[in-house]
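1. Show me how the following folds:
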Amino acid sequence: MATYTTAQLYGAGILGENLTSGSTYTFAFTNPGDSSYFTLETVRDNNGTFTNRPACANGTWTAATNPGLIQSPFITSVVVPPGNSSITFIPSDNVTGTNYFLRGTGRFSLTIS
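-> Model (predicted):
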């Protein structure tokens, strides 16, 4: 797995990695600034819809990350507080890295293991 910089995550984001169904992944954040948002988003089809794309955000996230944030089959988001923090994700289906983006606001970096 890899570490992603602020520059890679900000704006358009970066394509993700392959995630295996049932495996536990830790998303570790280092945030030197104010609270930020991190999203895992399915890549849209050429016509701007999600018709033929997997529901990449489906799975089990650390429970405390979910309340009050964007939750749908195609996007999930979590607050990244200042300092060091982490969440876990267990995908319910295999996820191919070319099917989703990792995105963020603020200045945090992300390591997935």
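2. Need the pLDDT of the nearest residue to Gly104 once chain neighbours are set aside.
-> When the adjacent residues along the chain are set aside, Gly104 lies closest to Leu9, with 3.7 Å between them (CB to CB, 6 or more residues apart in numbering). Glycine gets a C-beta too; all of them are placed from N, C-alpha and C. On pLDDT, Leu9 comes in at 91.
3. Distance from the chain centre to stretch 79-91, please.
-> For stretch 79-91, the gap between its own C-alpha mean and the chain's C-alpha mean amounts to 10 Å (CA atoms, centre = their mean, to the nearest Å).
4. got a list of contacts for that stretch?
-> For stretch 79-91, the surrounding residues in contact (CB atoms under 8 Å, 6 or more residues apart in numbering) are 19-38, 40, 56, 58-62, 65, 69, 78, 104, 106, 108.
5. and the helix or strand hosting Ala7, how far from the chain's centre?
-> Here Ala7 sits within helix 6-9, counting by DSSP states H and E. Here helix 6-9 is found 13 Å from its chain centre; the criterion is CA atoms, centre = their mean.
6. send the alpha carbons of that helix over as CSV?
-> Output for helix 6-9, consisting of C-alpha atoms alone and laid out as CSV, is shown next (Å, rounded to 0.1, in the frame of the first residue of the first chain):
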residue,chain,number,x,y,z
THR,A,6,-1.6,16.7,0.0
ALA,A,7,-0.9,17.6,-3.6
GLN,A,8,-2.1,14.2,-4.8
LEU,A,9,-5.3,14.3,-2.8
